[in-house]
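>>> curious how this folds, go ahead:
(chains A and B)
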Amino acid sequence: MSHHIVEVRGLEYVYPDGTPALRGVSFRIEHGESVGIVGANGAGKSTLLLHMNGCLLAKNGTVRIGDFPVTQETLPQIRRSVGTVFQDPNDQLFMPTVTEDVAFGPRNMRLPPDDVEQRVRRSLEAVNAIHLRPRPPYRLSGGEKRSAAIATALSMSPDILVMDEPTSGLDPQARRKLMDLLGRFKHTKIIASHDLDMILRLCPRTIVLHQGSVIVDGPTASLLADRELLARSGLDLPLSLQGCPVCGKTAGMLPRNDG
Amino acid sequence: MVRIHTTVTDIGALDGLASQDTWVHYLDPRAKIAATAMFLATVVSFPKYEIAEMMPLFLYPAALSAVGQVPAKLLFRYLLLASPFAVLVGVFNPLLDREVVVHWGSWAVTGGWLSFFSILIRFALTVSAALVLLACTGYVSVCAALDRFGAPRLLTMQFLMLYRFIFILSDEASRMVRAHGLRSEGGRKPTLGVWGSLAGHLLLRAYDRGLRVHRAMLARGFDGTLHPPHGFQWRWADSFFLAGCGLFLVLVRFGHVAEWIGTWVLRVSG
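Have a look, this model is predicted:
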């Protein structure tokens, strides 16, 4: 099962205007792990995720997905292995209907029409969105768009799911439903987010980025309870670990290992 | 701006009809494109004063839209939307060509007026045929079929990207104009300088957005090849459809279908 492993070694990236985004990032994610990537705005989270599906290619350092280094030549295999859910679902949904959008990836894999249909149905069922099939994506609500966007990634049967801010812009109920959904997936999951409560619930391990470097990589429960560390990284305690503004007591929420 | 945004959203609605389940939708996109091309060629081949002979051609978009369940109201809306262009093209004909070519009862009709109406009819025929093609095939399939016909890949990709950008651009533009309206005193219109700035920002934002959409396409294995929803499978039905359309068009062009219909109507009405 080495194809589920993500290994990043000494990854560096500098934006065309000279701004460094990643400075020697290294980590290894094993099969079936759920890992949160947190950090302040501009810490390099999205840039790091773009290296994992080959949208950006490493110039200094290496990124390996299972047996393959992420290079121009291995992109077809990488994109089959890594399903990406982008921050804004509007960027991900570009076909006339949800069905067409979910079928876009399988058709690019040149699967027969029956297999494409089967994958579309299975992916939409997995995100409880089968009723959205004929709808045009621009008419969906935020939560529906997010579900459809996840289905577009699932339809390629990826081994690894990479998600950038999956809960942003969702109302509380849609957010909770999404967390329940993600918790059921058995994929290797890499989730970049500012939603620390979601990370606390879904990801037993967390990598904290600050100004393009990994400043700590360890168990979520202890990292996200470290107020001083979080402050240094431009973050704050998850709401569930903050004291009640009235009585000062904490909710005492412990991370659930749903992944 | 809201109107532009609504219109652009309507284009998406037309494309959304392409996912319906009628036999026209299941025809091979190449057959429908070939039939449309033959139709357009027939329309433009008529001499400029032969209005009555062209009228039976309306049966083509009418029949296809009926079978393909394309709402006539939607087609009329698009025709109205695009009609100013056709009117502009022919509006000066009555002034330039004043020779009387036909008498309708006591009314002497000049060549200019006839050619003006001819332009309007050709416009209605060609645009409605193109709209029906889009509604029964889908934009992606049309681009994919053009690709199969040997159209340059760069061109078909440009068509596809242009289609994506219409939505992106109108979305960004409506947001920017709304933001400007909320901060301008009494809802004043933007000055020329502000328009310049808005246009510049719009271009940069649309570029960024386009880049992200392209990344999302690449992430799902897009390699520049377009794959239509129903695939390319030429069946007997496609051959019959194409042959039927061809026969109809030849009859209209070289037969006297308008005259036959007129005679038949007169006989039926006694």
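>>> up against chain B, what does the stretch 101-250 of chain A have?
A:103-105, A:107-110, A:113, A:134, A:136, A:138, A:152-153, A:156 (Cβ under 8 Å from any Cβ of the partner chain). Backbone N, C-alpha and C define where each C-beta goes, glycine included.
>>> show me how to select, in PyMOL, the buried members of those.
Provided next is the PyMOL selection string for whichever of those are buried by 16 or more other Cβ atoms under 10 Å in any protein chain shown:
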select buried, chain A and resi 103+104+105+107+108+109+136+138+152+153+156
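>>> out of the residues of the stretch 101-250 of chain A next to chain B, which is nearest to A:Tyr13?
For A:Tyr13, the nearest member of these is A:Ala153. The distance, counting by Cβ to Cβ, is 23.0 Å.
>>> who's in contact with the closest one?
Listed by Cβ atoms under 8 Å, 6 or more residues apart in numbering or on different chains, the contact set of A:Ala153 reads A:Gly83, A:Thr84, A:Val85, A:Gly105, A:Leu161, B:Arg220.
>>> redo those residues as JSON lines? Include pLDDT.
As requested, these are exported to JSON lines (pLDDT from 0 to 100):
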{"residue": "A:Gly83", "pLDDT": "90"}
{"residue": "A:Thr84", "pLDDT": "90"}
{"residue": "A:Val85", "pLDDT": "91"}
{"residue": "A:Gly105", "pLDDT": "90"}
{"residue": "A:Leu161", "pLDDT": "92"}
{"residue": "B:Arg220", "pLDDT": "88"}
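>>> A:Ala129 against A:Glu144, yeah?
Yes. Here A:Ala129 reaches A:Glu144: they are 6.6 Å apart, a contact under Cβ atoms under 8 Å.
>>> of these two, who's got more company?
When A:Ala129 and A:Glu144 are compared on other Cβ atoms under 10 Å in any protein chain shown, the one with more neighbours turns out to be A:Ala129, at 23 against 19.
>>> from chain B, how far out is the more buried one?
Remark: distance between A:Ala129 and chain B (Cβ to the nearest Cβ, to the nearest Å) = 16 Å.
>>> next, that residue: phi, psi?
In terms of degrees, to the nearest 10, the main-chain angles of A:Ala129 are phi -130, psi 30.
>>> re earlier: would you check which pair of the residues of the stretch 101-250 of chain A next to chain B lies furthest apart?
Greatest spatial distance in these: A:Arg110 and A:Tyr138, 27.9 Å, computed using Cβ to Cβ.
>>> could you find the lowest-pLDDT member of the residues of the stretch 101-250 of chain A next to chain B?
Scanning these for pLDDT, the low point is A:Tyr138. It has 76.
>>> now the residue most central in space within chain A, nearest residue through space, not along the chain?
For chain A, the residue nearest the mean C-alpha position is A:Met163 (1.6 Å; Cα atoms, centre = their mean). Distances taken as Cβ to Cβ, 6 or more residues apart in numbering or on different chains place A:Val85 nearest to A:Met163, at 4.3 Å, with adjacent residues excluded.
>>> what's the neighbour count on B:Ala63?
14.
>>> thinking again about what came up before, need the contact list for the residue nearest to A:Met163.
Per Cβ under 8 Å, 6+ apart, neighbours of A:Val85: A:Gln92, A:Arg146, A:Ala149, A:Ile150, A:Ala153, A:Leu161, A:Val162, A:Met163, A:Asp164, A:Pro166.
>>> sort out for me which of those residues are in helices.
Those of the contacts of A:Val85 mapping onto helices are A:Gln92, A:Arg146, A:Ala149, A:Ile150, A:Ala153, per DSSP state H.
>>> mind checking which helix or strand of chain B has the lowest mean pLDDT?
The helix or strand of chain B with the poorest confidence is helix B:2-16; it has a mean of 61 (mean pLDDT, DSSP states H and E).
>>> pLDDT score for A:His3?
pLDDT, A:His3: 59.
>>> next SSE after whatever helix or strand A:Gly36 lives in?
Here A:Gly36, judged by DSSP states H and E, is contained in strand A:34-38. Toward the C-terminal end, the helix or strand that comes next after strand A:34-38 (DSSP H and E) is helix A:45-52.
>>> what about the residue nearest to A:Thr99 when sequence neighbours are not counted, neighbour count?
Excluding the flanking residues, the one nearest A:Thr99 by Cβ to Cβ, 6+ apart is A:Arg133, at 4.7 Å. A:Arg133 is flanked by 17 other residues according to other Cβ under 10 Å.
>>> phi, psi of A:Arg133?
Dihedral angles (degrees, to the nearest 10) for A:Arg133: phi -40, psi -50.
>>> residues in contact with it?
With contacts defined as Cβ under 8 Å, 6+ apart, the neighbours of A:Arg133 are A:Thr97, A:Val98, A:Thr99, A:Val120, A:Leu124.
>>> I'd assumed the last one was in a helix, is it?
In other words, A:Leu124. Yes. Under DSSP: H, G, I helix; E, B strand; the rest coil, A:Leu124 falls within a helix.
>>> and it, how close does it get to A:Met179?
Distance from A:Leu124 to A:Met179, counting by Cβ to Cβ, to the nearest Å: 19 Å.
>>> more neighbours: which of these two?
For A:Leu124 versus A:Met179, the count of surrounding residues by other Cβ under 10 Å is larger for A:Leu124: 24 against 19.
>>> what separates that one from chain B, distance-wise?
As judged by Cβ to the nearest Cβ, A:Leu124 and chain B stand 14 Å apart.
>>> who touches that residue in this structure?
Applying Cβ under 8 Å, 6+ apart, the residues contacting A:Leu124 are A:Val98, A:Val102, A:Ile130, A:Leu132, A:Arg133, A:Ala148, A:Ala151.
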